[in-house]
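K.L.:
here are the coordinates; sequence isn't available:
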């Protein structure tokens, strides 16, 4: 069974927007792909946090990772979860488990924590 979630939107929205760590303007000023120099504009950042339609690209993922101060594999896992989803077999990697813990860090979601812990232990067993 495929699990999907608007994870990339949730990840950015957790840090950017009214009353959050950064405004869209501030975040757009610091989110830059270190390899290409690509930086999303504040209107794209607003689309992301509002859940509007936008195109996810590798450079966008890299820029968002840099802006959020997160490892690219975690932000990439969020993009994958949002666009494609994961099957149970794919959830043995460390980045998806880290992503779920990051998304649910402020809430008391015991089910999400249990899933994240299971994924992390599966990833460690495979390593």
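P.N.:
Good, I have the coordinates. All values derive from a computational prediction rather than experimental measurement.
K.L.:
going C-terminal from the helix or strand containing residue 66, what's the next secondary structure element?
P.N.:
Counting by DSSP states H and E, the element that carries residue 66 is helix 58-68. Note on helix 58-68: by DSSP H and E, the next helix or strand toward the C-terminus is helix 72-83.
K.L.:
mind listing what's buried along that following helix?
P.N.:
Buried residues in helix 72-83, counting neighbours by 16 or more other C-beta atoms under 10 Å, are found at 72-82. Quick note: C-beta positions are derived from backbone N, CA and C, even for glycine.
K.L.:
dump the residues you listed to CSV, plus pLDDT.
P.N.:
As requested, the buried residues of helix 72-83 are arranged in CSV below (pLDDT from 0 to 100):
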residue, pLDDT
72, 92
73, 89
74, 87
75, 92
76, 92
77, 87
78, 89
79, 92
80, 86
81, 84
82, 87
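K.L.:
residue 53: which of those residues is nearest?
P.N.:
Distances from residue 53 to these, taken as C-beta to C-beta, are shortest for residue 82 (11.8 Å).
K.L.:
distance check, that closest one against residue 13.
P.N.:
Using C-beta to C-beta, to the nearest Å, one obtains 12 Å as the distance from residue 82 to residue 13.
K.L.:
identify the residues contacting stretch 42-60?
P.N.:
The list of residues contacting stretch 42-60 from outside it, by C-beta atoms under 8 Å, 6 or more residues apart in numbering, reads 6, 8-9, 12-13, 16-17, 24-25, 27-28, 31, 33, 35-36, 38, 40, 64, 79, 82-83.
K.L.:
now, of the residues you listed, which are buried?
P.N.:
Applying 16+ other C-beta under 10 Å to the contacts of stretch 42-60 flags 8-9, 12-13, 16-17, 24, 27-28, 31, 33, 40, 64, 79, 82 as buried.
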